[in-house]
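**Q** everything below, folded, please.
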Amino acid sequence: MKNRIRAACVLFLLFAAVACSKSDGDIPDTRAELLVFNMIPGSAKFDIMLDTATLGGDLAYGDNSGAYRAFRAQKYDLLVYEAGNHTTPVMGGELNLRNGKRLSAFLTVDSRNVPRVLLTEDNIKPPAGLTNAQMRIVDLCDPYRRVGTGNNQQQLPLDIYLDYKDSTSIPVYKAVTYFRVTDFAEITAMQHSVDFNWLDSTTLQSVPFNAESGKAYTLIATGNPLDASFRMFQYVH
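**A** Numbering: from 1, shown residues only. Down below sits the predicted model:
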């Protein structure tokens, strides 16, 4: 895993709309918040820096930096190092923290084991219902199936349900693809099953999920939903 990441060298970040370019003169002396997740399957651990500030150290697969940290709203370099070795970053890129924004950065790899970074804006509001919760999905799965007799492959999106029963069930999110971050959906606070299905088809993976009233959850799907490498992590905001 480490060798594949080294071979990738320093990569650019894929920014969401919230991270559009902005001249230094336009950036006010205000604050933004950032949280970082290591969602790269395998045994490699990483140290994450924002310029010279440490965001997270020795982060294993599934770990996060623990809580949002506030920084002055301006441009930074987000740098990812092998844990304990800060000689050369294995991933990195420019990151624009804008005033009043709360952001999460997810380290991941695609189906070809190319490291990537997904940046999201976290617009979290209290649920309208007093006994409800909120959830969103960060899809870091990159599943494919073979098409025809050659080596051609087709990427397939996922339908995501709560408590799937049969073909009459209605998905919470429809046709979710790799690198998509859904909006927060308001759900009933109770014990659920989060079901990951092929588009308009059967369930591939089911994961128990206990939603508590008043809380907002980010559910992060990683690995391949076709096999045992699939994992779902959750973060409570």
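
**Q** which strands or helices does the helix or strand hosting residue 76 pack on?
**A** Secondary structure from DSSP states H and E places residue 76 in strand 75-82. The helices and strands touching strand 75-82, judged by 3 or more Cβ pairs under 8 Å, 6 or more residues apart in numbering; DSSP states H and E, are strand 46-50, strand 91-96. All C-beta atoms are positioned from the backbone trio N, CA, C, and that covers glycine.

**Q** make TSV from the ones you listed and add mean pLDDT to it.
**A** Output for the helices and strands packed on strand 75-82, formatted as TSV (pLDDT from 0 to 100):
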stretch	mean pLDDT
strand 46-50	94
strand 91-96	86
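
**Q** could you single out the most deeply buried of the ones you listed?
**A** strand 46-50 (a mean of 22; mean count of other Cβ atoms under 10 Å).

**Q** hmm, back to that, closest one to residue 185 among the helices and strands packed on strand 75-82?
**A** Residue 185 sits nearest to strand 91-96 of all the helices and strands packed on strand 75-82, at 27.6 Å, using Cβ to Cβ.

**Q** tell me which helix or strand of the protein sits lowest on mean pLDDT?
**A** Ranking every helix and strand in the chain by mean pLDDT, DSSP states H and E puts helix 2-8 at the bottom, with a mean of 44.

**Q** I'd like the next helix or strand past it.
**A** Following helix 2-8 in sequence, per DSSP H and E, is strand 31-38.

**Q** just give me how far that next one sits from the chain centre.
**A** On the basis of Cα atoms, centre = their mean, to the nearest Å, strand 31-38 sits 12 Å off its chain's mean C-alpha point.

**Q** next: stretch 198-216.
**A** 16 Å.

**Q** how far does it stretch from start to finish?
**A** Start-to-end span of stretch 198-216 (Cα to Cα, to the nearest Å) is 26 Å.

**Q** quick check: buried residues in it?
**A** 198, 204, 205, 206, 207, 209, 211, 215, 216 (16 or more other Cβ atoms under 10 Å).

**Q** go on, stretch 92-111?
**A** 92-93, 95-98, 101-109.

**Q** same thing with stretch 127-139?
**A** 127, 132, 133, 134, 135, 136, 137, 138, 139.

**Q** bridged to the fourth one, which residues?
**A** Going back to what we said before, that points to residue 134. For residue 134, the beta-bridge assignment (DSSP bridges) gives partners residue 186, residue 216.

**Q** low-confidence ranges, the protein, go.
**A** Counting by pLDDT under 70, the chain has low-confidence residues at 1-29, 144-154.

**Q** circling back to that earlier point, Throw the helices and strands packed on strand 75-82 into CSV and include distance to residue 113, thanks.
**A** Shown next, in CSV, are the helices and strands packed on strand 75-82 (distance: least, Cβ to Cβ, whole Å):
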stretch, distance to residue 113
strand 46-50, 15
strand 91-96, 13
